[in-house]
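Visitor: here is the input, now give the coordinates:
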Amino acid sequence: MQGKLAIRIAVAAFALGTLGLVAQPADAQNWKPTKPITIIVPWAAGGSTDQVIRVTAAELEKELGQKIVVVNQPGASGSIGTKSVLEGQKDGYTWASGAAKDIGSYAVSGLLDTTSKDWDFYLAVANQAVISVNPNTPYKSVADLLAAMKAKPGQVSFATAGVNSSGHYGSEALSRAAGATYKHVSYDGGNPAVIATVAGETEVTSQLGVEQIEMIRGKRLRALAVLADKPLVVDGVPPIEPITKTLPSFRTEINYFGIFVPKGVPAEVTATLNKIWEEKIKKSAALQKYSADKGALFDPRFGDDAKKASFPAIQGAAWILQEGGKAKINPETIGIPKP
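Guide: The predicted structure is shown next:
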């Protein structure tokens, strides 16, 4: 009888834990770091991850009472910096950052042997890719650009932050939806990719709107479309039309960005971050202002909710790689079914 009761208790505890409903003791939610925390941004300075992580870090410093050092460690589509965190000490003092879809699809691209199960997600905003061109190009609309891509297969150049980047995912998705090909030119981050298009090294960039918006405001880039099903509305520029206006069947997903804490850190670290995200980050005026100014979506999430919300983008990225012949493993083998 006692054995059956113990089993029932264990099953109930597992169910509550799975749902994130086990209450944490108050002291477990009050981690006080005794030295600076490092957040690795695995991309060059000025890109989408770098921007939002510096705003988020300033908010966390106020709550944790400790300095947070943001370190840019670019290379191999973000996998080098992420690997250094994954393989580093699990003492809670070093965190990774970036797009959830990257963490979830590195194993498929073969860049890093990890999946979303290896991390706790703390998401701050969602971003959308924008198709923009150098103003000296003849492309005035998405239709103009697609016509050129079809007339000159593999010749119209697109700047992105690399094969696992949001920009590359956007250019690949556009290419497939339109049945056209392009020339991929890779850079160390979103900001360098945008600058390359402004300078005329490439004709097009498909990086994120937050990385392009100042250049669009300054008329150094001409925005043709946002890869979404609704217009991108930001102060200082005309609404950027959705890609679905030209390509109605284009599939869009929300691309979340934030901090990733490796599994295995002391429980009080994640318990404290959970509390800060729920009570402070979800109401952050600084992150709301950043989002409104840059054209991002303010939508902080953590725990199972963050994993669930970001999965469609992970799924889409993984299967873009698979269907494009660039996957090292079938996404289904790591629990990512075909959309």
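Visitor: domain map for the protein?
Guide: 37-127+255-334, 135-245 (the TED database).
Visitor: just give the nearest non-adjacent residue to residue 179, would you?
Guide: residue 150 (7.5 Å; CB to CB, 6 or more residues apart in numbering). (Each C-beta comes from the backbone N, C-alpha and C, glycine too.)
Visitor: and that neighbour, what helix or strand is that in?
Guide: Secondary structure assigned from DSSP states H and E places residue 150 in helix 142-151.
Visitor: so where is the protein shaky, pLDDT-wise?
Guide: Along the chain, the model assigns pLDDT under 70 to residues 1-28.
Visitor: cutoff 80 now
Guide: The chain contains residues with pLDDT under 80 at 1-29, 163-164.
Visitor: mind listing the helices for the stretch 1-150 of the chain?
Guide: Ranges of helices within the stretch 1-150 of the chain are 2-18, 48-64, 79-86, 100-109, 142-151, based on DSSP state H, counting those that start in this stretch.
Visitor: tabulate those (a markdown table), appending distance to residue 306 and mean neighbour count.
Guide: Output for those, formatted as a markdown table (distance: least, CB to CB, whole Å; neighbours: other CB atoms under 10 Å):
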| stretch | distance to residue 306 | mean neighbour count |
| --- | --- | --- |
| helix 2-18 | 15 | 10 |
| helix 48-64 | 14 | 21 |
| helix 79-86 | 17 | 21 |
| helix 100-109 | 7 | 26 |
| helix 142-151 | 32 | 17 |
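Visitor: quick one: those helices as TSV, columns for distance to residue 171 too.
Guide: Below are the helices of the stretch 1-150 of the chain laid out as TSV (distance: least, CB to CB, whole Å):
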stretch	distance to residue 171
helix 2-18	38
helix 48-64	16
helix 79-86	19
helix 100-109	15
helix 142-151	10
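Visitor: to residue 311, which of those helices lies closest?
Guide: Closest to residue 311 of the helices of the stretch 1-150 of the chain, according to CB to CB: helix 100-109, at 7.4 Å.
Visitor: how about residue 185, phi and psi?
Guide: phi -120, psi 120 (degrees, to the nearest 10).
Visitor: that one contacts residue 162, correct?
Guide: No: using CB atoms under 8 Å, residue 185 makes no contact with residue 162, being 10.3 Å away.
Visitor: neighbours of residue 234, how many?
Guide: 21 (other CB atoms under 10 Å).
Visitor: in a helix, it, correct?
Guide: No: applying DSSP: H, G, I helix; E, B strand; the rest coil, one finds residue 234 to be coil, outside a helix.
Visitor: adding distance to residue 31, write the domains of the chain out as TSV.
Guide: Output for the domains of the chain, formatted as TSV (distance: least, CB to CB, whole Å):
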stretch	distance to residue 31
domain 37-127+255-334	4
domain 135-245	30
